[in-house]
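Trainee: Turn this into a model:
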Amino acid sequence: MIIHKNSTLNLPIQSKYRHGPLLIATISIILFLLEPTSSDWLAYDRQQLNYFQWWRLISGHFLHTNNIHLLLNLAGLALLWALHGHYNRTFRYLLIFLWLCIGTSGGLYLFTPQMQWYVGLSGVLHGMFILGAYFDIHNKLRSGWILLFGVWLKVLHEQIYGANENVAELISANVAIDAHLFGTISGTLIIVYYLLRNIQKKRNAKLK
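Mentor: This next block holds a predicted model:
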């Protein structure tokens with residue numbers, strides 16, 4: 001993997017790295033301006049999923065409860081782009097994002113039946129964060145291990161002690177800690193896929 005960053009700003013500002021996050025941010029902003037219609041048709045809604053409205057597994061992650069919720073998630077998206085955006089060009093970035101949406105929502109649907117309604121990017125962002133940590137480790141950056149264990153410690157802390165009440169007040173909704181958990185698990189499963197693929201590549205190289 002070749003890492004290329006802008007030498008002046010030290011940010012992945014090239015179009016091949018920024019288009020993915022910009023597309024997600026733009027869709028999120030547009031859908032926020034179209035509320036409440038966008039939530040009626042696109043939010044993760046367990047009852048509607050039971051009626052085969054499967055697009056909600058993906059679309060719900062682009063919606064937000066209020067402007068603070070939107071700004072917090074867009075800030076997280078921008079931070080992860082600044083930290084790890086140079087690892088994924090647009091197609092792979094969006095593909096990973098798509099799988100994290102499905103993994104997070106699928107986990108909620110299968111294992112958290114009490115959650116009837118959910119919106120927000122935070123679950124997917126946890127998965128993006130842990131994947132970025134893996135790419136750091138793959139590129140011999142020790143800080144990646146700190147980020148990797150840090151995300152898991154945060155998620156486990158939330159599962160044991162609950163979410164931060166101040167954040168819940170800011171976003172006018174309960175913090176979906178199970179979305180954080182399933183987003184992190186989904187990211188970890190993608191890491192396992194990469195590890196297995198690398199092992200297979202090494203085996204194939206030895207056979208040549």
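Trainee: Please make it C-alpha for all contacts and neighbour counts, starting now.
Mentor: OK.
Trainee: Residue 192: neighbour count?
Mentor: By other CA atoms under 10 Å, the residues close to residue 192 number 12.
Trainee: Over to residue 170?
Mentor: Residue 170: 15 surrounding residues under other CA under 10 Å.
Trainee: Likewise for residue 73?
Mentor: For residue 73, the neighbour count with other CA under 10 Å is 20.
Trainee: That one against residue 123, yeah?
Mentor: No - using CA atoms under 8 Å, residue 73 is not in contact with residue 123; the gap is 10.0 Å.
Trainee: Only C-alpha atoms, please: export the worst-scoring helix or strand of the chain on mean pLDDT in CSV.
Mentor: For the chain, counting by mean pLDDT, DSSP states H and E, helix 165-171 ranks last in confidence among helices and strands (a mean of 79). Output of helix 165-171 as CSV, limited to C-alpha atoms (Å, rounded to 0.1, in the frame of the first residue of the first chain):
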residue,chain,number,x,y,z
GLU,A,165,-25.9,11.6,29.7
ASN,A,166,-24.6,15.0,28.6
VAL,A,167,-24.3,13.7,25.0
ALA,A,168,-27.8,12.4,25.2
GLU,A,169,-29.1,15.8,26.2
LEU,A,170,-27.2,17.5,23.3
ILE,A,171,-28.6,15.2,20.6
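Trainee: Go through the helix or strand that that helix is followed by and flag the buried ones.
Mentor: Counting by DSSP states H and E, the next helix or strand C-terminal to helix 165-171 is helix 177-207. With burial defined by 16 or more other CA atoms under 10 Å, the residues of helix 177-207 counted as buried are 177-191.
Trainee: Next, the buried residues of the least confident helix or strand of the chain.
Mentor: residue 171.
Trainee: from the chain's centre, how far out does that helix sit?
Mentor: 20 Å (CA atoms, centre = their mean, to the nearest Å).
Trainee: got the contact list for it?
Mentor: Outside helix 165-171, the residues that touch it by CA atoms under 8 Å, 6 or more residues apart in numbering are 65-69, 174-175.
Trainee: Of all those residues, the one with the weakest confidence?
Mentor: pLDDT is lowest at residue 174 among those; the value there is 79.
Trainee: tell me the phi and psi of that one?
Mentor: phi -70, psi 140 (degrees, to the nearest 10).
Trainee: Just give me the neighbour total for it.
Mentor: Other residues lying near residue 174 total 14 when counted by other CA under 10 Å.
Trainee: Name the nearest residue to it, ignoring sequence neighbours.
Mentor: residue 168 (5.2 Å; CA to CA, 6 or more residues apart in numbering).
Trainee: go on, residue 91?
Mentor: residue 20 (7.6 Å).
Trainee: Where does pLDDT dip in the chain?
Mentor: 1-9, 208 (pLDDT under 70).
Trainee: the helices in it, which residues?
Mentor: Counting by DSSP state H, the chain has helices at residues 15-33, 37-42, 46-49, 56-59, 67-84, 90-111, 122-138, 143-161, 165-171, 177-207.
Trainee: So what touches the third one?
Mentor: Which is helix 46-49. By CA under 8 Å, 6+ apart, helix 46-49 touches 56, 109, 115-117.
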